[in-house]
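the sequence and its predicted three-dimensional model are supplied below.
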Amino acid sequence: MFNDKKEPALANPEFKADSLSDLKGKKILIVGLANTGVSLAHLLVENGAEVTVSDHKSKAELSAALEMIDGLELNYDLGGHTPKTFFQQDLIILSPGISPQLKIFEYAKKQGVRVTGEFEFVAQFIKEPVIAITGTNGKSTTCALIMRMLEGSGKKVWLGGNYGTPMADYLRAKDPADVLIVEVSSFMLEHVDKFKPHSIVFMNLAENHLDRHKTMEEYINSKRRIFVNTDQETTSILNADDNAVVELARDPAVQRGAIFYFSRKPSLEPQIMNIGGAVNNQKTIKVRTGKEPEVYSLEPCYMKGSHSIENIMAAAIASKHFGAKKEAIQKVIHEFPGMEHRIEYVRKVGGVKFYNDSKSTNVHSVLRALRSFDENVILIMGGKDTSLNYTPLQDEIKKKVKTLILVGEAKERINRDIGDFSETFLIGTFDEAVLMAYQKSRMADTILLSPGASSFDFFDNYRERGRHFKSIVEKF
C-alpha cells in the first residue's frame, strides 16, 4: 500500500498536554489492544478524548480484550490498519508490542500526526519519583526485591510497567505512591523523549529481541535512551561486571548525578566503597550509599544462582537511596523465595527435580540458569524464533547437559548452534517435549525448562508457558 522508497523522515510533530484534562476533545488512536491498550483506552475515555483502537487482529481474535472495554465510547479499526484512520488523528499511541518501524507511522508523521509510545505518553503525567529498572535479565526480580525492601520500611510503593501492570492503571487509580518502581523494556524505551526517572538501575546487556531490533547495536541504542534526560539529580545504579553497561556510563554526552556500581568481584571493594555502591564478598554483601557501609548476610538465601546476588545488590542500593531500613533489607534477603517462572523449583518426582525458568527468553538467561546447577541437567529449550545466536551456550551444554530437548519455531536454529554438544531430540509439541524429558531422566537428574526464546509460538506469554509446564509436572 505504501511506497518503500527511502525518504527523509519529518520531525515527530508536537502534541502538547500538560495535564490529563488537556486530552479532552483530542483525537487519539491506540495501536495494539493488549493489556496496555485496554488500560490506555479507559484512561483516555475517562479524560474526554475521542479514542479509536486499531489492531491487525480480527474482532474474534480480540474477544477477550474487547470484553474489557465493552461499554466505552470508542471507534474501532480492527483486522488491519486503515491509513485514513491514522491520518485523521491528533496523536497515535503505540503499545509496546508494536514496532515503530511500520511505514504507516512514518506517513502519519508526514501528515502532521504525533506518534509516541504508551510508556512515554503516560510517564509525562506522573509527578512522583520513578525508579526505572532496565537491562536484559534480572529486571523483574530486582523490581520485586526493591518493592519488598521499601514496603518493609513503611514506604508506599507502586510496581508496574513491563512487570505486568500498565502505567496507565496508576493514573486511573488516583492514589499517589511515595515512589514508583517501573520495569522498563527496550520496546518501551524506543519512543522516549522526555521521560526522566529519579533513579536508573541498569542490570546487564546481552543479545535479545533481534527480531524487533535487527542488530545488537540497535538494541543497545534503544536501551541507551533511558539516559536521554538524566542530569545532576539522577542517580544511576550500574553493573560494574558488565563491560557494555560500564561503557554506557562513560558516554560523555550523558549527564548524571551520583553513580553507584555493584559487583560480585571482591577485588573491586576498595574502588566501589570509595564512591558508593555494593560488592559481594563470599557470604555477605557490603553496601554504601551514605557515609558508612552496611554489611548484609546472604545466609540463608533461597534464590538460586550467583546472578541473584547481583539482583540483591542492585535492589539494596536503590532501596537505601529511598530510605529503606537495614532490618527490612536483611529480612527480604533472608525470606524472598524468588520469582515465579525464574529458576522456580516445582517438585521432585522419583528423585528427579523439576525447575521452571519460563521467563528465560534469551541466551544470557539460559547461561545464568545452567550456571545455577551442577551436572546431569535435562534441558528443555525452544519457542518463537527471534534470530538469536545460541553458540555461546556450547561450553555450558557440554559441561552440564546430558540431554537437550528442543521444541517450537526456534528448535532448528538452536539445534544447528548447540545440538552437537549433547544427546539432542527435536520434538513437535510442548507437552511431548516435557514428557520426553521425564522419560529420559534418572534419579538425581534435574529437568530444567529454560527456553531461551519467547513463548509466542505456542503461548500468549511466558507466564502461561510456565504454568502449563507446572501443570504437566504435577500430573507425573
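Yes, it's here. Residues are numbered from 1 along each chain as shown.

confidence score at M436?
We have a pLDDT of 97 for M436.

just checking, what packs against whatever helix or strand E396 lives in?
In this assignment (DSSP states H and E), E396 forms part of helix 394-400. Contacts defined by 3 or more C-beta pairs under 8 Å, 6 or more residues apart in numbering; DSSP states H and E place helix 394-400 against helix 363-370, helix 411-418. Quick note: C-beta positions are derived from backbone N, CA and C, even for glycine.

which parts of the stretch 101-250 of the chain are strands?
In the stretch 101-250 of the chain, the strands defined using DSSP state E, counting those that start in this stretch lie at 114-117, 130-134, 157-161, 179-183, 199-202, 235-239.

mean pLDDT added to the ones you listed, as JSON lines?
Formatted as JSON lines, the strands of the stretch 101-250 of the chain follow (pLDDT from 0 to 100):
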{"stretch": "strand 114-117", "mean pLDDT": "94"}
{"stretch": "strand 130-134", "mean pLDDT": "97"}
{"stretch": "strand 157-161", "mean pLDDT": "97"}
{"stretch": "strand 179-183", "mean pLDDT": "98"}
{"stretch": "strand 199-202", "mean pLDDT": "96"}
{"stretch": "strand 235-239", "mean pLDDT": "95"}
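
return the distance of K27 relative to G408.
Per C-beta to C-beta, to the nearest Å, K27 is found 41 Å from G408.

if you count what's nearby, which of these two comes out ahead?
G408 (28 against 15; other C-beta atoms under 10 Å).

picking up where we left off before, out of the strands of the stretch 101-250 of the chain, nearest to V473?
Closest approach to V473 among the strands of the stretch 101-250 of the chain is made by strand 179-183 (27.5 Å; C-beta to C-beta).

paired strands for that closest one, with orientation please.
If you go by DSSP bridges, strand 179-183 pairs up with strand 130-134 (parallel), strand 157-161 (parallel).

off-centre distance for that strand?
With C-alpha atoms, centre = their mean, to the nearest Å as the basis, strand 179-183 stands 13 Å off its chain's centre.

what residues sit buried inside that strand?
V179, L180, I181, V182, E183 (16 or more other C-beta atoms under 10 Å).

contacts for it, please.
Strand 179-183 has contacts (C-beta atoms under 8 Å, 6 or more residues apart in numbering) with 126, 128-134, 139-140, 143, 146-147, 150, 155-163, 167, 170, 197-198, 322.

same deal with stretch 307-314?
The contact list for stretch 307-314 (C-beta under 8 Å, 6+ apart) reads 133, 137-138, 141-142, 145, 201, 203-204, 237, 239, 241, 262-264, 277-280, 285, 287, 296, 298, 301, 303, 333, 338, 368, 371-372.

with just CA atoms, put that stretch into PDB.
Output in PDB follows, covering the C-alpha atoms of stretch 307-314 (Å, rounded to 0.1, in the frame of the first residue of the first chain):
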ATOM      1  CA  HIS A 307      23.200 -13.700  39.400                       C
ATOM      2  CA  SER A 308      20.700 -13.500  42.200                       C
ATOM      3  CA  ILE A 309      23.400 -11.700  44.300                       C
ATOM      4  CA  GLU A 310      23.600  -9.000  41.600                       C
ATOM      5  CA  ASN A 311      19.800  -8.500  41.900                       C
ATOM      6  CA  ILE A 312      20.100  -8.200  45.600                       C
ATOM      7  CA  MET A 313      22.900  -5.700  45.500                       C
ATOM      8  CA  ALA A 314      21.200  -3.500  42.900                       C
END
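
list the contacts for Y345?
With contacts defined as C-beta under 8 Å, 6+ apart, the neighbours of Y345 are K353, F354, Y355.

can you give me phi and psi for it?
Backbone dihedrals for Y345, given as degrees, to the nearest 10, come out at phi -70, psi 130.

so what's it bridging to?
Beta-bridge partners of Y345, as defined by DSSP bridges: Y355.

and it, how far from M381?
Counting by C-beta to C-beta - Y345 and M381 are separated by 19 Å.

confirm for me that E344 is in contact with K353.
No: with contacts counted by C-beta atoms under 8 Å, E344 stays clear of K353, the gap being 11.5 Å.

just to revisit the earlier point, would you show me how to pick out the buried ones of the contacts of stretch 307-314 in ChimeraX?
Selection of buried members from the contacts of stretch 307-314 for ChimeraX, criterion 16+ other C-beta under 10 Å:
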select :133,137,138,141,142,145,201,203,204,237,239,241,262,263,264,277,278,279,280,285,287,296,298,301,303,333,338,368,372
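
where along the stretch 251-400 of the chain do the helices fall?
269-275, 307-321, 326-335, 363-370, 394-400 (DSSP state H, counting those that start in this stretch).

so which bits of the third one are buried?
Applying a neighbour-count criterion of 16+ other C-beta under 10 Å, one finds A328, I329, Q330, V332, I333 buried in helix 326-335.

repeat that for the last one.
Using 16+ other C-beta under 10 Å as the burial criterion, the residues of helix 394-400 that qualify are E396, I397, K400.

ok, stretch 116-133 next?
Neighbour-count burial for stretch 116-133 flags 116-123, 125-126, 130-133 (criterion: 16+ other C-beta under 10 Å).

distance between the ends of it?
21 Å (C-alpha to C-alpha, to the nearest Å).

same deal with stretch 149-169?
23 Å.

go on, stretch 336-347?
Stretch 336-347: ends 19 Å apart by C-alpha to C-alpha.

just list whatever residues bridge to K286.
Assigned bridge partners for K286, using DSSP bridges, are V279, V295.

so how many other residues sit close to it?
There are 19 residues near K286, going by other C-beta under 10 Å.

same check, this time on E14
The tally of other residues near E14 (other C-beta under 10 Å) stands at 7.

what's near enough to touch it?
Neighbour list for E14: R114 [criterion: C-beta under 8 Å, 6+ apart].

could you export the strands of the stretch 101-250 of the chain as a markdown table, including distance to G32?
Output for the strands of the stretch 101-250 of the chain, formatted as a markdown table (distance: least, C-beta to C-beta, whole Å):
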| stretch | distance to G32 |
| --- | --- |
| strand 114-117 | 10 |
| strand 130-134 | 21 |
| strand 157-161 | 16 |
| strand 179-183 | 18 |
| strand 199-202 | 26 |
| strand 235-239 | 31 |
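
nearest to P270, out of those?
Closest among the strands of the stretch 101-250 of the chain, using C-beta to C-beta: strand 235-239, at 17.7 Å.

how about low-confidence regions in the stretch 1-150 of the chain?
1-12 (pLDDT under 70).

domains in the protein, as residue ranges please.
The record's domain parsing of the chain by automatic domain parsing lists 20-119, 126-335, 344-475.

out of the strands paired with strand 179-183, which is closest to L66?
Checking the strands paired with strand 179-183 against L66 by C-beta to C-beta gives strand 157-161 as the closest, at 22.9 Å.

in that closest one, what counts as buried?
By neighbour count on 16+ other C-beta under 10 Å, the buried set for strand 157-161 is V157, W158, L159, G160, G161.
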